[in-house]
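> turn this into a structure:
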Amino acid sequence: MDTDYRKLCKELFGTDDAVELRRIAESIKKKNDRNAGRKKKFTEKDAERMARMRDHGVGLQKIADEFGTSRQVIGRYLSKEPGKGNTMRLTYMYKQHPCTVIDVDFLDQKVSIQNKTADIVHRAFGVTENPTWKDFEAFLRERCFPETRGNKKELLRQLGLTDYDPLQIIEKTRGRMADDEQWLKIRYLERRAE
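Below you'll find the model as predicted:
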């Protein structure tokens, strides 16, 4: 069976002109301007390269442009899933930029972190890579008004609280302080069985 390719091209593309067919082919190969549709899957090496770029201060948008995908996809490759036993994930933010992801296991009093910035000033625990439970408790206290504050009872009443509990205060205030632009996103997790 012999196929008449000219006739087929005219039927499929409305032309059999070689120049026009090349233009059509190029427009099909052209990048998706809206970056819509199914996103690419990346290899372990790609994810490591993404992490190195982030660690060197490259922003998510630039990394996304480099890999031809969206910031959300890059964010998923750079974020580890919470471990078993974790019931809360706090994301320490600077303006709208995530700086440190803090996974909390209240039962075993364990904390694990993922730093998202090379800027130690904006990290939740600075240069500390493996914070202890005491470090976590100190971090929570730093994101609240001082317990020794003169109008503590009035402030607690305004928040609908009866006792000074840094975690409860942060749940109400998102850890916002008057003197900086850092705050906390809070996500509650279901405890996964071992």
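> ok, now which ones touch the residue sitting nearest the centre point of the chain?
For the chain, the residue nearest the mean C-alpha position is Gly75 (4.7 Å; Cα atoms, centre = their mean). Contacts here follow Cβ atoms under 8 Å, 6 or more residues apart in numbering; on that basis Gly75 touches Leu60, Pro98. For glycine as for every other residue, the C-beta is placed from the backbone atoms N, C-alpha and C.
> do you know how far it is from Lys116?
Here Gly75 is placed at a distance of 9 Å from Lys116 (Cβ to Cβ, to the nearest Å).
> list residues touching both of the two?
Contact with both Gly75 and Lys116 is made by residues Pro98, according to Cβ under 8 Å, 6+ apart.
> got the contact list for the longest strand along the chain?
The single longest strand within the chain, with elements called by DSSP state E, is strand 97-105. For strand 97-105, contacts defined as Cβ under 8 Å, 6+ apart pick out 75, 79, 82-83, 85-93, 110-117, 119, 122-125, 136, 139, 182, 185.
> could you rerun that using 6 Å?
Under the contact criterion Cβ atoms under 6 Å, 6 or more residues apart in numbering, strand 97-105 has outside partners 82, 85-86, 88-92, 111-117, 122-124.
> strands of this protein, residue ranges please.
With DSSP E applied, the chain shows strands at 88-94, 97-105, 110-115, 182-188, listed in chain order.
> relative to Asp17, which of those is closest?
Among these, strand 97-105 comes nearest to Asp17, with 50.9 Å by Cβ to Cβ.
> what mean pLDDT does that closest one have?
In this model, strand 97-105 has an average pLDDT of 92.
> just for this protein, where's the confidence low?
1, 29-40, 191-194 (pLDDT under 70).
> what segments of it are helices?
Ranges of helices within the chain are 5-13, 18-29, 44-55, 60-67, 71-78, 133-142, 152-159, 166-173, based on DSSP state H.
> format these as CSV; extra columns: distance to Thr100.
Output for those, formatted as CSV (distance: least, Cβ to Cβ, whole Å):
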stretch, distance to Thr100
helix 5-13, 53
helix 18-29, 41
helix 44-55, 13
helix 60-67, 15
helix 71-78, 13
helix 133-142, 9
helix 152-159, 24
helix 166-173, 14
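> in the longest strand of the chain, what counts as buried?
Of the residues in strand 97-105, those buried by neighbour count under the rule 16 or more other Cβ atoms under 10 Å are Pro98, Cys99, Thr100, Val101, Ile102, Asp103, Val104, Asp105.
> do the same with stretch 73-90
The neighbour-count criterion (16+ other Cβ under 10 Å) identifies Val73, Ile74, Gly75, Tyr77, Leu78, Pro82, Gly85, Asn86, Met88, Arg89, Leu90 as the buried residues of stretch 73-90.
> and what of stretch 48-63?
Judged by neighbour count using 16+ other Cβ under 10 Å, the buried positions of stretch 48-63 are Met50, Met53, Arg54, Leu60, Ile63.
> now the strands of the chain as TSV including distance to Lys7?
Supplementary listing: these in TSV, determined by distance: least, Cβ to Cβ, whole Å:
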stretch	distance to Lys7
strand 88-94	59
strand 97-105	57
strand 110-115	59
strand 182-188	59
